[in-house]
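J.: quick one, structure for this:
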Amino acid sequence: MTSTSESPTPLLNTVLDEIGAEIVSGTIETGQRFTLRDICVRFDISRTVAREAMRALEQLGMVSSSRRVGITVLPLSEWSVFDQSIIDWRLACEASQKKQLNSLNQLRLAIEPIAARMAATEATEEEREEILELAKRLHELEMKPSRRVGEELATDLRFHSMVLHASGNEMFAALTPSLLSMLKGKSVFGSEKRNPIAGTAHLHQELARAIAEQRPDDAENIAQAILDEARASAGAKA
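T.: I've put the predicted structure just below:
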């Protein structure tokens, strides 16, 4: 039984992931052209599945299609670089991983301190309480690492996600998955030191208190200090 008789969703995801990763890595080069038939033959899939995969890549800005010339791979400048699929492909690719991490780091440096400042005046009582609890847990995990694999990373991701959401800025909140991909990317792909807290638990607690006590200047400065410490730690590992 060929793959054309299987459920189209897994097939679509497989084809999309493979072609997307190849475009990111340069295996399929900018300007290269191919057809739906090429995809059908390569993956042994129906034209319907191939067409859906190409539509998804078009929506990501990675290819353009024309009846006369077929499907053409577009340059990075055309890509929807905030899309999670593209970020994941770039993080997983050795050639693009460092640049992607740098871009995410610069984005965090520009946004997260301002988000922390805003959270100090805009956070709800429930958000303040959760941020304080998460900071407390990060401190506990630094003192005694969890037996549960990934708990440190998950707690750190939740902490920074809450700060962004507590800012009250819906656009900051919408950027949360992209911004926090840096933390996940370093832990999964790029960092020799797998501890995401990296000696900054006390700063997380200070930030949580500044937000809870509605001290915006302090919140902004501490958030900046956390990012500076993380950047210095990454630089020492480079």
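
J.: list the contacts for residue 28?
T.: Residues near residue 28 by CB atoms under 8 Å, 6 or more residues apart in numbering: 19, 22, 34, 73. For the C-beta atoms, the positions are set from N, CA and C on the backbone; glycine is no exception.

J.: low-confidence ranges, the chain, go.
T.: 1-9, 184-198, 233-238 (pLDDT under 70).

J.: list the contacts of stretch 169-186.
T.: Everything outside stretch 169-186 that qualifies as a contact, by CB under 8 Å, 6+ apart, is 82, 84, 87-88, 91, 97, 100-101, 104-105, 107-108, 111-112, 114-115, 118, 153, 156-157, 160-161, 164-165, 167, 196, 234.

J.: flag every buried residue along the top helix by length along the chain.
T.: Scanning the chain for the helix with the most residues, using DSSP state H, yields helix 94-122. Judged by neighbour count using 16 or more other CB atoms under 10 Å, the buried positions of helix 94-122 are 96-97, 100-101, 103-105, 107-108, 111-120, 122.

J.: how far does it sit from its chain's centre?
T.: 10 Å (CA atoms, centre = their mean, to the nearest Å).

J.: and that helix, what other elements does it pack with?
T.: helix 8-25, helix 84-92, helix 151-166, helix 170-174, helix 176-185, helix 201-212, helix 216-237 (3 or more CB pairs under 8 Å, 6 or more residues apart in numbering; DSSP states H and E).

J.: circling back to that earlier point, most neighbours among the contacts of residue 28, which one is it?
T.: residue 19 (26 neighbours; other CB atoms under 10 Å).

J.: list the contacts for that one?
T.: Per CB under 8 Å, 6+ apart, neighbours of residue 19: 28, 39, 53, 57.

J.: need the helices and strands packed on helix 94-122 in JSON lines (columns: distance to residue 141).
T.: Below are the helices and strands packed on helix 94-122 laid out as JSON lines (distance: least, CB to CB, whole Å):
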{"stretch": "helix 8-25", "distance to residue 141": "32"}
{"stretch": "helix 84-92", "distance to residue 141": "24"}
{"stretch": "helix 151-166", "distance to residue 141": "5"}
{"stretch": "helix 170-174", "distance to residue 141": "25"}
{"stretch": "helix 176-185", "distance to residue 141": "14"}
{"stretch": "helix 201-212", "distance to residue 141": "7"}
{"stretch": "helix 216-237", "distance to residue 141": "16"}
